[in-house]
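Asker: Just to be clear, the model below is a prediction. Sequence and coordinates:
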Amino acid sequence: MSNAAANGNFKYHWFTLGDLNAFFGLMVDNVTNLVILAGILVYGFGYPEQYVYTKMIPGTALGVMFGDIIYTVMAFNLANKTKNPNVTAMPLGLDTPSTIGIAVAVLGPAYLASGKNPEIAWQVGMATMMLIGVLKLFMSFAGEYVQKIVPKAGLLGSIGGIGIALIGFLPLVTLFQMPIVGLVVLGIILYSLVAKQALFSMNVMVRLVGVGLLAIIPLLTLFKMSTLALIVAGIIVYTIIARVDLPFSAPGVFVAVVFGAALYHVLGPLGLLGAAKYEMPHLAFSMNLPLPSLGFLAGMGEAIKYLPIAFPFGLLTVIGGINVTESAKCAGDDYNTRNILLTEAFATLLAGVTGGVAQSTPYIGHPAYKSMGARAGYTLATGLFIGIGGMFGVLTWMLQVLPEACVAPILIFVGLEIASQAYQECPHEHAPAVTFAFLPIIANLLLIMISQIKGEFMGFLATLPQETAARFVFSAGLQSKLDVITALGQGFILTAMLWGGALALIIDNKLMKAGHYFIITSILTLFGIIHSISPSGDVYLPWKIQSSLPIQFAVSYFILGVIMYMFSSIKQSPSAEGRQN
């Protein structure tokens, strides 16, 4: 504890250069989700573009702003309570799986079923958010209990797997589509954040940025691009900011993103980006305030039909919230689990009542943002940027300015930090359990890739004559493997938590509790809460499905639970009893 804290003069330094690093990661992640949401609806289902930007996105962005501001306040309260100047706020943003899932399985189908009526589909989306928010509200009071009974290997292993498979690998594909930009940015981030090496003084960095902006003006002019804004920016950066002698090192993510963006906008017009296509940013302002509406009441009847799809997404964000709170606790920030979950519940409800169609959730990157040196400034900045940007329509333009290859390395770093924490914070003997918890997330990664490939393949078949298309069928063996991968990838967070927790209990020789885990897993499998055979992850009644796969899975888990009960009745060796104690 510092002397200031000991003297009762504690002051929380809530904004550091690390917040600038974290802001880029959290902000662009949220912007990306909003753009994905719009892309699925507009290009996938033909939904009116302006309706998405003026009706759906403002309310969705407001939910993010509300949640991030509350988490910022929580960080201040925790810092003042513990007299800890290094408290990092919990990050909140749009949940990627459910943003995609709700768009594909709820909003799109509702739009088509209504005869392409955007108003009805929007109302169904609002009602779905309200139902998910109510579920999360009730589940918030069970969070701390789950946190106490599930071993860390289950809690941290599940999000560690997400860090490697989803947050780490998927951006890696994007990075290598634009390798010159992506690898340069990745190298700077690994050097500054993983190796923890200082770059150079801030005044040198801003001078280079200013000179760089001025130097590329003639090149950009050759391609008939607007140069006025760049000229002004270069002069301001060089003559005003660079005069200030800042005694600290430049933040690695900021330098990497700025340098990567500069490369993108210089190499793009020259056709040197690799597989990616360059797009010149286009800025268009429009004010669309997210006002409260009772429109969700009109969509409630239709929304209830989609509950089997929507509720698992809500449940998974609650479980994810429990896991990330444990992750933050291990990193030194002991937040109240119930308050974290209640905040995401109210943020989802606020989004729903103001026209939002995507739920928010606490992000799993807290340890990574903490290692960047972030405090509470990044969540406040992200919340305000997303909320205000959603109202004025600048989010898509921002993503064009910062290409995905600039952001992908940040996500890769976040993934590495999360996976590393899972091993570092769990007992050494639980390492196999942590690794075991990664496997369902890998199955979900395969499911994502297979779904994309199948979508393209089915689109190709639709262009062929019916007789010709009928010849293209998967073999029985391949179809069986695809069905299993689908089942393993559905409900992956809950599956990972149960698998990792069960193996940790087995390692500790707590076989009776491990048996309980497998029996619970059997019941959840039977109803499709995990291992759903539906491509959209629906839950169902076991006697109303034609496939025998869920029954086989459920019976197998049940037998495994019974075996654990049998083993628990056998006298354990002294060494095993000692480890259990």
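Answerer: Yep, that arrived.
Asker: For Val124, see how far away Tyr517 is.
Answerer: Using C-beta to C-beta, to the nearest Å, Tyr517 is found at 36 Å from Val124. In short, each C-beta sits where N, CA and C put it, glycine included.
Asker: Past the worst-scoring helix or strand of the chain on mean pLDDT, which element shows up next along the chain?
Answerer: Lowest by mean pLDDT, DSSP states H and E among the helices and strands of the chain is helix 228-239, with a mean of 39. Counting by DSSP states H and E, the next helix or strand C-terminal to helix 228-239 is helix 252-267.
Asker: Tell me the helices and strands packed up against that following helix.
Answerer: Secondary-structure packing of helix 252-267 (3 or more C-beta pairs under 8 Å, 6 or more residues apart in numbering; DSSP states H and E): helix 17-39, helix 179-189, helix 202-215, helix 404-425.
Asker: And Leu92, its phi and psi?
Answerer: Dihedral pair for Leu92: phi -130, psi 140, per degrees, to the nearest 10.
Asker: which residues of the chain fall in strands?
Answerer: Per DSSP state E, the chain carries strands over the ranges 92-94, 360-362.
Asker: Return the list of helices and strands in contact with the first one.
Answerer: If you count contacts as 3+ C-beta pairs under 8 Å, 6+ apart, strand 92-94 packs onto helix 17-39, helix 57-82, helix 337-353, strand 360-362, helix 377-392.
Asker: Going by neighbour count, which residues of the longest helix along the chain are buried?
Answerer: In the chain, assigned by DSSP state H, the helix with the most residues is helix 431-462. Buried residues in helix 431-462, counted by 16 or more other C-beta atoms under 10 Å: 431, 433-448, 450-451.
Asker: Using CSV, lay out the helices and strands packed on helix 252-267 together with mean neighbour count, mean pLDDT and distance to Ile563.
Answerer: Listed next are the helices and strands packed on helix 252-267 as CSV, based on neighbours: other C-beta atoms under 10 Å; pLDDT from 0 to 100; distance: least, C-beta to C-beta, whole Å:
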stretch, mean neighbour count, mean pLDDT, distance to Ile563
helix 17-39, 23, 82, 43
helix 179-189, 21, 78, 46
helix 202-215, 18, 49, 61
helix 404-425, 24, 76, 27
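Asker: Including distance to Phe385, could those helices go into TSV?
Answerer: Listed next are the helices and strands packed on helix 252-267 as TSV, based on distance: least, C-beta to C-beta, whole Å:
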stretch	distance to Phe385
helix 17-39	6
helix 179-189	20
helix 202-215	20
helix 404-425	14
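Asker: okay but Leu307 is in contact with Met130, surely?
Answerer: No. Using C-beta atoms under 8 Å, Leu307 makes no contact with Met130, being 11.7 Å away.
Asker: which of the two has more neighbours?
Answerer: Neighbour tally, Leu307 and Met130, criterion other C-beta atoms under 10 Å: the higher count belongs to Met130, 21 against 17.
Asker: And that one, how far from Ala303?
Answerer: According to C-beta to C-beta, Met130 stands 8 Å off from Ala303.
Asker: between these two, what contacts are shared?
Answerer: Common contact partners of Met130 and Ala303 (C-beta atoms under 8 Å, 6 or more residues apart in numbering): Phe296.
Asker: Let me know which of the strands of the chain is tucked in deepest.
Answerer: Comparing the strands of the chain by mean neighbour count (mean count of other C-beta atoms under 10 Å), strand 360-362 comes out on top with a mean of 30.
Asker: And that one, what does it pack against?
Answerer: helix 57-82, strand 92-94, helix 307-330, helix 337-353.
Asker: Tell me which of those sits nearest to Pro550.
Answerer: In terms of C-beta to C-beta, the element of these nearest to Pro550 is helix 307-330, at 13.9 Å.
Asker: Report how many residues lie close to Tyr517.
Answerer: 28.
Asker: and the nearest residue to it once chain neighbours are set aside, how many residues sit next to it?
Answerer: Among residues not flanking Tyr517 along the chain, Ala502 sits closest, at 4.0 Å (C-beta to C-beta, 6 or more residues apart in numbering). Neighbourhood size, Ala502 [other C-beta under 10 Å]: 31.
Asker: list the contacts for Ala502?
Answerer: Residues near Ala502 by C-beta under 8 Å, 6+ apart: Gly154, Ala514, Tyr517, Phe518, Thr521.
Asker: CSV for those, including distance to Phe558?
Answerer: CSV is the format used below for the contacts of Ala502 (distance: C-beta to C-beta, whole Å):
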residue, distance to Phe558
Gly154, 20
Ala514, 13
Tyr517, 12
Phe518, 7
Thr521, 9
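Asker: From these, which land in helices?
Answerer: The helices, defined by DSSP H, take in Gly154, Ala514, Tyr517, Phe518, Thr521 from the contacts of Ala502.
Asker: Next, find the distance separating the second one from Leu137.
Answerer: Between Ala514 and Leu137 the distance, using C-beta to C-beta, works out to 32 Å.
Asker: In terms of neighbours, single out the busier of those two.
Answerer: Ala514 (25 against 18).
Asker: what's the closest non-adjacent residue to the more buried one?
Answerer: Leaving aside its chain neighbours, Ala514 sits nearest to Leu505 (4.0 Å; criterion: C-beta to C-beta, 6+ apart).
Asker: Cool, thanks, signing off.
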